[in-house]
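Novice: Let me see the structure of the following:
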Amino acid sequence: MMRRCAREHETWAASASGRWTPALSAHTARCVTCADVRLVTEALTTTGAPMPASTDPAVLWWCARYMRRLRIVSRIERVTTIGRLAVAGAALAAAGSLVDWPAALALIERPSAADGRVWIVALPVMIAITAALVRLLRWREES
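Specialist: Modelled structure (predicted):
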């Protein structure tokens with residue numbers, strides 16, 4: 001249970017302003033509650049930042065709305081990024097399904113056997129890579 005003192009408010013005001021009377025200093029030396037008030041008040045006022053005289057409620061309301069908007073935008077960006085990654089993965093899977101994999105493996109095993117089948121493998125892969133790069137560049141311009 002916290003004990004109260006009749007001179008607690010005076011101690012707080014003197015600590016905040018730095019103007020002590022001899023009688024109040026002597027009282028603070030004897031009173032545990034006022035000594036705690038002095039310790040806490042001096043610690044809070046010596047942070048180097050000036051205490052604001054008063055804060056306009058409209059400014060606080062605007063800051064709160066702005067922070068809320070930033071949180072919402074952050075959530076939306078997270079969802080759209082996940083969606084874009086899913087679309088890119090689906091596009092790569094679709095491009096992979098267009099590849100003639102037996103021909104591609106034959107080209108890897110025997111590159112000299114590359115007659116006209118190189119384009120069967122290379123064209124869908126090049127189209128997918130180009131589309132992914134164009135989309136990535138547009139996405140960077142939007143951000």
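Novice: Does anything pack onto the longest helix anywhere in the chain? Which helices or strands?
Specialist: Secondary structure assigned by DSSP state H gives helix 57-98 as the longest helix of the chain. Contacts defined by 3 or more C-beta pairs under 8 Å, 6 or more residues apart in numbering; DSSP states H and E place helix 57-98 against helix 118-142. (C-beta placed from N, C-alpha, C; glycine too.)
Novice: Relative to Ala13, how far out is the spatially most central residue of the chain?
Specialist: With distances taken as C-alpha atoms, centre = their mean, Ser74 lies nearest the centre of the chain, 7.8 Å away. From Ser74 across to Ala13, the span is 43 Å (C-beta to C-beta, to the nearest Å).
Novice: pLDDT weak spots in the protein?
Specialist: Residue ranges of the chain with pLDDT under 70: 1-2, 46-55, 107-108, 110-121, 139-143.
Novice: one more time with 50
Specialist: 1 (pLDDT under 50).
Novice: before we move on, the earlier item: following the longest helix of the chain in sequence, what is the next regular element?
Specialist: helix 101-109 (DSSP states H and E).
Novice: From Ala64, how far off is the residue nearest to the centre of the chain?
Specialist: Counting by C-beta to C-beta, the gap from Ser74 to Ala64 is 16 Å.
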